[in-house]
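[1] could you work out the structure for the sequence below:
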Amino acid sequence: AADDDDDDDDARAMAKRKKTARDGDGGGASATATAAAAVTNAGGSNWAALKAKIGAGTTPIAKKRAAEKRAMEDVTTMDGRAGDYDEAAAKKPRVTGKNRSVTRVLALDCEMVGVGTDGKRSILARASVVNEDGHVILDTFVLPTERVVDYRTAVSGVRPKDLLSANGAKSFQKVQAQLSELFNGRILVGHSLKNDMKVLMLDHPKKDTRDTSLYHPLTRPLRSDERCVPGAPRGRGCRALRDLVAQHLGLVIQKGEHSSVDDARAALLLYQKFQRKWENSLRGREKKSSK
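    Numbers count the residues shown, from 1 in each chain. Here you go, the predicted structure:
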């Protein structure tokens, strides 16, 4: 009889546990259904209601993934020192291919510093050359040939320490010779190249020069108080490289201190955008002049 009583107690205990489990599941299901109904009544989408019904996003794995996504978003946007700097950096001219060789087309840009009594005369401080894929072929600071009066750091990005041999700056003569050899027999691209070539004390054949400041579709009507720049189309004036890049490429350069590498890449990309039309117009001129 005692054994029968024990069996009855075990059976009742088992039945009670099952009932409790059912009640718990029913409560969870009821809560989920209530949440789904609330979403639907609030005007949410069917998908939102379904997610609430099945408890999507509430599993440990889903919560972990959501936390990781938020962390990545925080890292991407976090730069408390300059709120809009990330956007400008993301829109800088970039390398466009894998070719690192010295190509037929090269782009040049230079940074200058001021010399003379008023610091208005310019000498070379940095020279940068990139190939047709935007890879750097040469980028070097240059030892001053005269006493520097104005480093123009706010624009040039050049500081006194940059122009020391101990920090890698090269002699003007060495840089000039390197660039002269690089440019020989190649297409040279740049913006207002006459200024760069002047401080380099170099010449380059006109037929091999592609100056984005002088190409007609990239110029503007000359203002009444301006004189035409030598080499520019009649009645046309030059536009700033940063404006051309923003308009035609959707890129950002020269936001603060300039980078001669960025500017060389920017001029190169402008040339490449108009390259076919530009080269066809030059061939057309050659044919006319040969007749």
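
[2] grab the nearest non-local neighbour of the spatially most central residue of the chain.
    By CA atoms, centre = their mean, the chain has its centre lying nearest to K92, at 2.5 Å. Leaving aside its sequence neighbours, K92 sits nearest to D262 (CB to CB, 6 or more residues apart in numbering; 5.6 Å). (C-beta placed from N, C-alpha, C; glycine too.)

[3] what's the neighbour count on that neighbour?
    24 (other CB atoms under 10 Å).

[4] over to W278?
    When neighbours are counted by other CB under 10 Å, W278 registers 19.

[5] flag every buried residue along whatever helix or strand it lives in.
    Using DSSP states H and E, W278 sits in helix 260-290. Neighbour-count burial for helix 260-290, counted by 16 or more other CB atoms under 10 Å, picks out 260-272, 274-275, 278.

[6] what about D109, how many neighbours?
    Residues lying near D109 (other CB under 10 Å) number 29.

[7] measure it to E146 for me?
    Relative to E146, D109 is positioned 21 Å away (CB to CB, to the nearest Å).

[8] ok, Q254 next?
    Using CB to CB, we find Q254 at a distance of 26 Å from E146.

[9] those two: which is more packed in?
    Neighbour tally, Q254 and E146, criterion other CB under 10 Å: the higher count belongs to Q254, 18 against 11.

[10] let me see the confidence value for the more buried one.
    Per-residue pLDDT puts Q254 at 86.

[11] now the one 5 residues further on
    S259 is assigned a pLDDT of 92 by the prediction.

[12] the nearest residue to it once chain neighbours are set aside - how many residues pack around it?
    Distance criterion CB to CB, 6+ apart; nearest residue to S259, sequence neighbours excluded, is G157 at 6.4 Å. By other CB under 10 Å, the residues close to G157 number 17.

[13] list the contacts of G157.
    111, 126, 257-259 (CB atoms under 8 Å, 6 or more residues apart in numbering).

[14] surely R239 meets L222?
    No: here R239 does not reach L222: they are 11.6 Å apart, not a contact under CB atoms under 8 Å.

[15] so where is the chain shaky, pLDDT-wise?
    Applying pLDDT under 70 to the chain flags residues 1-57, 64-89, 288, 290-291.

[16] that one: helices as residue ranges?
    Counting by DSSP state H, the segments of the chain that form helices are 2-41, 46-54, 60-77, 85-90, 153-156, 172-183, 193-200, 241-249, 260-290.

[17] chain center to stretch 142-156, what's the gap?
    Put simply, stretch 142-156 sits 27 Å off its chain's centre (CA atoms, centre = their mean, to the nearest Å).

[18] quick one: contacts of it?
    111-119, 123-127, 158-160, 163-165, 169-172, 175, 256-258.
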